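>>> what's the 3D shape of this:
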Amino acid sequence: LKKEYEEDKESRKYLLLAVFLKNLSCEESRDALRTMKYDNKTRDMVSAILRYKEETLDAERTSVKKALNRMGIPVFRLVMAYREAVLCCMGKNDDVLLLYAIKEMAEDILNKNEPYSLAQLAINGKDLIENYLLKAYGKFEAGEEKEQGKKVEQQIEIGEVIQVKKEGENNENSPKDDKQ
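Modelled structure (predicted):
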C-alpha cells in the first residue's frame, strides 16, 4: 500500500482514513470526517471508498466496465487498493489473486480505450435513430424517444453493444472529439 501510493499523498490519505473508519457507514464516516475538520473532497473520496468496498466484482469484462462506469477511475483504483490492503492483512491469498486479475483487466480496458460508459460511445442521437432504433423497433410516435432511449441504455448495460464507429472514420454528424 505504501509503495504504490507513496508519490500520491492525497490517495494515501484517503486509503488510510478509509481503513481507519472501515467499521462505519458512509454517512457516519462523513460525519466523523466533518467533526475532524477534513475538507469536502476528502469526505467524498473516503465515503465513496467505504460505499463500494464490499461491492461484488467478477473477473469478467462487463462486470469491470460496469464498476468503472459506476465508480469512476480514481475511486475504482482506490477501492481496489483498499481491498488489497484489507485482504492482505486477513491473509486471503486467493481473493488477492482474483483482485489482481480484476485490476489487470481494468487497466487493459483503460489502455485499449474501450468504452465503459454511454458517453464514451462514438455515436450520437441521430445515429441511434437512423441505424439502430428504426431497424430494431420501426417507426415510433412522438414522445416515445425517451422510452426507446431507455431500452438502448438497458441493452448496453447487459452487454448488447451497438456497432461503434471505428477510430478515424469520417462522419459529419458525429461530434468532433480530440480523444478519438
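>>> what about the helices in the protein?
9-20, 26-35, 40-52, 61-71, 73-90, 93-111, 125-128, 134-137, 145-157 (DSSP state H).
>>> Need the ones you listed in CSV (columns: distance to residue 117 and mean pLDDT).
For the C-beta atoms, the positions are set from N, CA and C on the backbone; glycine is no exception. Shown next, in CSV, are those (distance: least, Cβ to Cβ, whole Å; pLDDT from 0 to 100):
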stretch, distance to residue 117, mean pLDDT
helix 9-20, 22, 90
helix 26-35, 23, 93
helix 40-52, 16, 93
helix 61-71, 4, 90
helix 73-90, 11, 89
helix 93-111, 11, 89
helix 125-128, 15, 68
helix 134-137, 21, 57
helix 145-157, 9, 67
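>>> between these, which gets nearest to residue 118?
helix 145-157 (6.1 Å; Cβ to Cβ).
>>> before we move on, the earlier item: can you redo the helices of the chain as JSON lines with distance to residue 119?
Below are the helices of the chain laid out as JSON lines (distance: least, Cβ to Cβ, whole Å):
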{"stretch": "helix 9-20", "distance to residue 119": "25"}
{"stretch": "helix 26-35", "distance to residue 119": "25"}
{"stretch": "helix 40-52", "distance to residue 119": "20"}
{"stretch": "helix 61-71", "distance to residue 119": "9"}
{"stretch": "helix 73-90", "distance to residue 119": "13"}
{"stretch": "helix 93-111", "distance to residue 119": "15"}
{"stretch": "helix 125-128", "distance to residue 119": "12"}
{"stretch": "helix 134-137", "distance to residue 119": "21"}
{"stretch": "helix 145-157", "distance to residue 119": "11"}
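>>> can the ones you listed go into JSON lines with extra columns for mean neighbour count?
Converted to JSON lines, the helices of the chain look like this (neighbours: other Cβ atoms under 10 Å):
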{"stretch": "helix 9-20", "mean neighbour count": "18"}
{"stretch": "helix 26-35", "mean neighbour count": "15"}
{"stretch": "helix 40-52", "mean neighbour count": "19"}
{"stretch": "helix 61-71", "mean neighbour count": "18"}
{"stretch": "helix 73-90", "mean neighbour count": "18"}
{"stretch": "helix 93-111", "mean neighbour count": "14"}
{"stretch": "helix 125-128", "mean neighbour count": "15"}
{"stretch": "helix 134-137", "mean neighbour count": "12"}
{"stretch": "helix 145-157", "mean neighbour count": "13"}
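>>> what's the burial count for the nearest residue to residue 121 once chain neighbours are set aside?
Once flanking residues are discounted, residue 121 sits nearest to residue 115: 5.2 Å by Cβ to Cβ, 6 or more residues apart in numbering. Burial measure for residue 115: 16 neighbouring residues, criterion other Cβ atoms under 10 Å.
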